[in-house]
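Student: Provided below are the primary sequence and the corresponding predicted coordinates.
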Amino acid sequence: MDTHEVNRARAKLALFVADVFASVPRKDQRAKSDCYLRGLMVDGRRKSIQAMAQRLPDGNEQNLQQFVNQSTWDPLPVRRRIAQRMVPLVGPDAWAVDDVSFPKDGKMSVAVAHQYCGALGKQANCQVAVRVHAVSDTASCPLQWRLFVPEEWAHDPVRRRKTGMPDEIGHREKWRLALDTIDELAGWGLVPPVLVADAGYGQNADFRDGLEHRSIDHVVAIRSDVTVHPHDAMPMAPTWSGNGRKPQPRYRDRPTPVAALVAGHGRQAFTEVTWREGSRGPLRSHFLSLQVRPAGIKSKRLAQAAALASHGHWDGVLPEVTLLAEWPDGAEAPTGYWLSNLPADTPIAELVRLAKIRWRIEHDYRELKHGLGLDHFEGRSWNGWHHHVTLVTAAHAFLTEQRLAPKADTANSPSTRPSTPSRTC
């Protein structure tokens, strides 16, 4: 947005800030949040605090630095209010779990480490965060963020102290952070209609089992080497001699990698599916869905625990899920695989639509990154990072509201509704 567009939206932005930042205790801090959001939205190559302060007539670099880096206002109630506003507006078809990385120089930015950096497509010095988005085909909104703390930071008191990392924060795997975030959002009264994730999460049997344990429907990408049994494969109980522990039932044949199982059906088994209209016309490819039983220790433990809880014994049968595979025109072999626990009679077109819906968060991430300066923050502290990410989320939410609800000055519009009293966060 140019300066004139931002100025025309000042009244609507003031109402938005009054609602979303109602939990921020001081009036001057709420005024600075309004200023910071305008700085993020005004056109400009860099969205560092210094650059934004120079663009705004009321911009004061020292005040904004203090507000973001040193001030102790809690960003969590702000993010909660954004989520409560945006979920009804977006009307999500799914929630998406994803990583976002922030390339960094040096070793003193909070939680920075040499690790895989998706922004650069290689190992590099960066911060990584886990995010959960509400997503539909027309819009998305980040609901919550968790900064990933590398293991080296868990035992580095000097850097933890200098960056203000809370004592209770330690190393936790990304898939666990994602489940923690889903649990936190459930505490806010928000639950996903379906959860989608790339193979970085879907490949992890512990993550899939965590979703099953929470009764969350999901369509998650996996790699081609995940092994499964055909849906009609049944375990057999070995003969018991009568001595020692009775042997558990087990499958006679070894599980098959999904790539081999799918390829065995041949290209003729695939069906053409169109999942949405792209900028250059309909997006379509060929897909196959099969019922399978994923192998692996975690799947066995999940099935066994469920059986023991309900029947007092386990018959060795692994849970049945849907395997979705894609074989595009011109490809020599299938190129994509997903596992879903949606009902077996879910139409393949709906499975494909959900498997592909992550395009929307990738589209909106470009606005978060390039338009709103998500990765332009130059501070190093724990508080500063969380404040900046929260403010960028707020700016993105405001712009999304204006795009989806152009008549935002009506009595019932999101930008003019009074704040819902927040119980606690």
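Tutor: Structure received.
Student: just the CA coordinates of the lengthiest helix in the chain, formatted as PDB?
Tutor: For the chain, the longest helix by residue count, based on DSSP state H, is helix 382-404. The C-alpha trace of helix 382-404 is given here as PDB (Å, rounded to 0.1, in the frame of the first residue of the first chain):
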ATOM      1  CA  TRP A 382      13.000 -13.500  22.500                       C
ATOM      2  CA  ASN A 383      10.500 -10.700  23.200                       C
ATOM      3  CA  GLY A 384      11.500  -8.800  20.100                       C
ATOM      4  CA  TRP A 385      11.000 -11.700  17.800                       C
ATOM      5  CA  HIS A 386       7.600 -12.600  19.200                       C
ATOM      6  CA  HIS A 387       6.400  -9.000  19.200                       C
ATOM      7  CA  HIS A 388       7.500  -8.500  15.600                       C
ATOM      8  CA  VAL A 389       5.900 -11.800  14.400                       C
ATOM      9  CA  THR A 390       2.700 -10.800  16.200                       C
ATOM     10  CA  LEU A 391       2.600  -7.400  14.600                       C
ATOM     11  CA  VAL A 392       3.200  -8.800  11.100                       C
ATOM     12  CA  THR A 393       0.400 -11.300  11.700                       C
ATOM     13  CA  ALA A 394      -1.900  -8.400  12.800                       C
ATOM     14  CA  ALA A 395      -1.000  -6.400   9.700                       C
ATOM     15  CA  HIS A 396      -1.700  -9.400   7.400                       C
ATOM     16  CA  ALA A 397      -5.000 -10.000   9.200                       C
ATOM     17  CA  PHE A 398      -6.100  -6.400   8.800                       C
ATOM     18  CA  LEU A 399      -5.300  -6.400   5.000                       C
ATOM     19  CA  THR A 400      -7.100  -9.800   4.600                       C
ATOM     20  CA  GLU A 401     -10.100  -8.300   6.400                       C
ATOM     21  CA  GLN A 402     -10.200  -5.400   4.000                       C
ATOM     22  CA  ARG A 403      -9.900  -7.600   1.000                       C
ATOM     23  CA  LEU A 404     -12.600 -10.100   2.100                       C
END
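Student: Which strands and helices lie in contact with that helix?
Tutor: Under the contact criterion of 3 or more CB pairs under 8 Å, 6 or more residues apart in numbering; DSSP states H and E, helix 382-404 touches helix 10-20, helix 27-41, helix 75-90, strand 140-147. For glycine as for every other residue, the C-beta is placed from the backbone atoms N, C-alpha and C.
Student: Strands along this protein, start to end?
Tutor: For the chain, applying DSSP state E gives strands covering 94-103, 113-117, 122-135, 140-147, 195-197, 218-222, 227-230, 256-257, 271-278, 281-294, 321-326, 336-340.
Student: so which of those strands gets nearest Ala11?
Tutor: Shortest separation from Ala11 across the strands of the chain is recorded for strand 140-147, at 22.3 Å, computed as CB to CB.
Student: returning to what we had before: now do the longest helix of the chain against strand 122-135, angle only.
Tutor: If you take axes from the mean of the first three to the mean of the last three CA atoms, to 10 degrees, helix 382-404 sits at 50 degrees to strand 122-135.
Student: Buried ones in helix 382-404, by neighbour count?
Tutor: Across helix 382-404, burial judged by 16 or more other CB atoms under 10 Å covers 382-402, 404.
Student: The residue most central in space within the chain: what's it in contact with?
Tutor: Nearest to the mean C-alpha position of the chain, counting by CA atoms, centre = their mean, stands Val97 at 2.3 Å. By CB atoms under 8 Å, 6 or more residues apart in numbering, the contact set of Val97 is Val130, Arg131, Val132, Ala178, Thr181, Leu195, Val196, Ala197, Tyr201.
Student: swap the cut-off to 10 Å and go again
Tutor: Going by CB atoms under 10 Å, 6 or more residues apart in numbering, Val97 touches 130-133, 174-175, 177-179, 181-182, 192, 195-198, 200-202, 207, 211, 218, 220, 358, 361.
Student: if we can go back for a sec, single out the most deeply packed of the strands of the chain.
Tutor: strand 195-197 (a mean of 27; mean count of other CB atoms under 10 Å).
Student: what's the closest non-adjacent residue to Gln50?
Tutor: Glu61 (5.5 Å; CB to CB, 6 or more residues apart in numbering).
Student: Now for Val130: which residues touch it?
Tutor: With CB under 10 Å, 6+ apart, Val130 has these contacts: 97-100, 144-148, 172-181, 201.
Student: ok, what's across the strand from Thr274?
Tutor: Counting by DSSP bridges, Thr274 is bridged to Arg284.
Student: so it touches Ile348, yeah?
Tutor: No: shown here, Thr274 and Ile348 do not form a contact pair, counting by CB atoms under 10 Å, at 11.5 Å.
Student: Show me which helix or strand of this protein is least confident by mean pLDDT.
Tutor: helix 297-310 (a mean of 53; mean pLDDT, DSSP states H and E).
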